[in-house]
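>>> I would like to see how this sequence folds:
(chains A and B)
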Amino acid sequence: MNDKEFKLFYTLFCIGLGMIIFSPTLAIVISFPSGEKFSEIYLMGPNHMAGSYPYNISPNKVYKIYLGVGNHVGGLTRYRVYVKFRNQTQPLPNNSMGTPSSLKTLFEYGVILDSDNVWEKEVFFSFSNASFLENFCRISEFALDDKVLSVDQFISWNATTHGFCCQMFFELWFYNITTSEFQYYSRFVGIWLNITATS
Amino acid sequence: MTIFNIIVSASRFPFYVYGGDDASSKIAEADNAVKQAFVATLEAEKAGADVSTLVAKLNEAEQLLTDANFASQVENYSGAIQLAEQCISSVNGVAEEAASQKSAAEKNHEKRLIATVVTTSFGLSLLLILSMLGWRFFKSRRLRRVLKMKPEVVKIG
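Residues are numbered from 1 along each chain as shown, chains lettered A, B, ... in the order given. Down below sits the predicted model:
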């Protein structure tokens, strides 16, 4: 190793050592980019698996699903989950436009989650006061957990699925501190239900 | 006469029937209290405070608020008011606690930053001095080695 090479090696060695000594201060001052930030909403069946969701629903019988919300946005977030119910002709939320469904909210869940935390809840639901006409089914009451909600929904017969199909869906909203309002997060989950007359 | 007495005695007890407007304003008040507590907690969390106990209190308040909303939706206005009041009292003091946790976290961060900067400055100064001394040591050792070398006569061509 000649003089020039040795000088270069020595300088680089000292700079490297200096960087190691300086790194704790750098870590406090500079915030390094973290991974992808997102929130999630999910539904699981009664066996706590992504399957075996209740489909054929008999009036007055109680069904169970799991509803979950996950916070991966890197900070404390206030969420609302709005429960809505629709027949096949009524609108769903438009995720590409970021607009929620215009249907009435039947029930809401509120939760505040710290970063990388998940909130999960058993949701029990049932339908009562269901009347069946020739091509229509009318549901008057929908019970969610221990709360009875008035829905008064007409569901027409679906020839393709051979049933009175309707959808219960859950919209995820978050509290926007800039606007001081809840804002639709462009995420929803739902399950299709076929209302049957007998158990 | 007996009926008259009953009417007169019943009229002595004041009673009030809550309406939808009363419930709405109480719910709005509760919502505002939760909002303020949430924003304060969020700021404390950003400052690096451990806000887990505050989050538990906020979730309790949030549950009461959604229950109050539901009670109002099914026109149980007195129930809605009661739940909204419970929500307000459950969130009472959260914003203040969050603010004190925020200032404690900020002070802690400041202390840590100063300690790190001082340690780093000391380390860098030490490195600078040692590297200069080291350079002088290596240079003199190399010079001594060069001076100890004997010239060698080599025949060219």
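>>> quick one: the helices in chain B?
B:2-12, B:20-46, B:52-73, B:77-91, B:94-148 (DSSP state H).
>>> could you give the average pLDDT over the longest one?
Within the predicted structure, the mean pLDDT of helix B:94-148 is 89.
>>> which SSE is the residue nearest in space to the middle of chain A in?
Nearest to the geometric centre of chain A sits residue A:41, at 1.9 Å (C-alpha atoms, centre = their mean). Following DSSP states H and E, one finds residue A:41 within strand A:38-44.
>>> that strand vs chain B: in contact?
No: residues of strand A:38-44 are not located near chain B by C-beta under 8 Å from any C-beta of the partner chain, the shortest gap being 15.2 Å. All C-beta spots, glycine's among them, are computed from the backbone N, C-alpha and C.
>>> strand partners of that strand, parallel vs antiparallel please.
Each strand that pairs with strand A:38-44, with its direction, by DSSP bridges: strand A:63-72 (antiparallel).
>>> other SSEs contacting the helix or strand following the partner strand?
Later in the chain than strand A:63-72, the nearest helix or strand by DSSP H and E is strand A:77-87. Packing contacts for strand A:77-87, counted by 3 or more C-beta pairs under 8 Å, 6 or more residues apart in numbering or on different chains; DSSP states H and E, involve strand A:38-44, strand A:63-72, strand A:107-113, strand A:147-156, strand A:164-176.
>>> tell me the buried residues in stretch A:128-146?
A:130, A:137, A:138, A:139, A:141, A:142, A:144 (16 or more other C-beta atoms under 10 Å in any protein chain shown).
>>> now these in TSV, with pLDDT, distance to chain B and secondary structure?
Formatted as TSV, the entries for those read as follows, by pLDDT from 0 to 100; distance: C-beta to the nearest C-beta, whole Å; DSSP: H, G, I helix; E, B strand; the rest coil:
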residue	pLDDT	distance to chain B	secondary structure
A:130	82	20	strand
A:137	87	24	strand
A:138	88	20	strand
A:139	86	17	strand
A:141	86	12	strand
A:142	87	13	strand
A:144	89	10	strand
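>>> in a markdown table, list the helices of chain B along with distance to chain A.
Rendered in a markdown table, the data for those read as follows (distance: least, C-beta to the nearest C-beta, whole Å):
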| stretch | distance to chain A |
| --- | --- |
| helix B:2-12 | 33 |
| helix B:20-46 | 5 |
| helix B:52-73 | 4 |
| helix B:77-91 | 10 |
| helix B:94-148 | 4 |
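>>> got JSON lines for the ones you listed, with mean neighbour count and distance to residue A:106 too?
Below are the helices of chain B laid out as JSON lines (neighbours: other C-beta atoms under 10 Å in any protein chain shown; distance: least, C-beta to C-beta, whole Å):
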{"stretch": "helix B:2-12", "mean neighbour count": "8", "distance to residue A:106": "39"}
{"stretch": "helix B:20-46", "mean neighbour count": "19", "distance to residue A:106": "17"}
{"stretch": "helix B:52-73", "mean neighbour count": "20", "distance to residue A:106": "9"}
{"stretch": "helix B:77-91", "mean neighbour count": "21", "distance to residue A:106": "17"}
{"stretch": "helix B:94-148", "mean neighbour count": "13", "distance to residue A:106": "29"}
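>>> one step back: just send the buried residues of stretch A:128-146 back as a markdown table, with distance to residue A:48 too.
As requested, the buried residues of stretch A:128-146 are exported to a markdown table (distance: C-beta to C-beta, whole Å):
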| residue | distance to residue A:48 |
| --- | --- |
| A:130 | 28 |
| A:137 | 30 |
| A:138 | 33 |
| A:139 | 27 |
| A:141 | 28 |
| A:142 | 23 |
| A:144 | 19 |
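>>> distance between the helix or strand containing residue A:192 and the chain's centre?
For residue A:192, the element it lies in under DSSP H and E is strand A:181-195. Averaged C-alpha coordinates place strand A:181-195 at 7 Å from its chain's average position (C-alpha atoms, centre = their mean, to the nearest Å).
>>> for residue A:95, find the nearest of the helices of chain B.
Counting by C-beta to C-beta, residue A:95 lies closest to helix B:52-73 out of the helices of chain B; the figure is 24.1 Å.
>>> can you give me the buried ones in the strand holding residue A:41?
Judged by neighbour count (16+ other C-beta under 10 Å), strand A:38-44 contains these buried residues: A:39, A:41, A:42, A:43, A:44.
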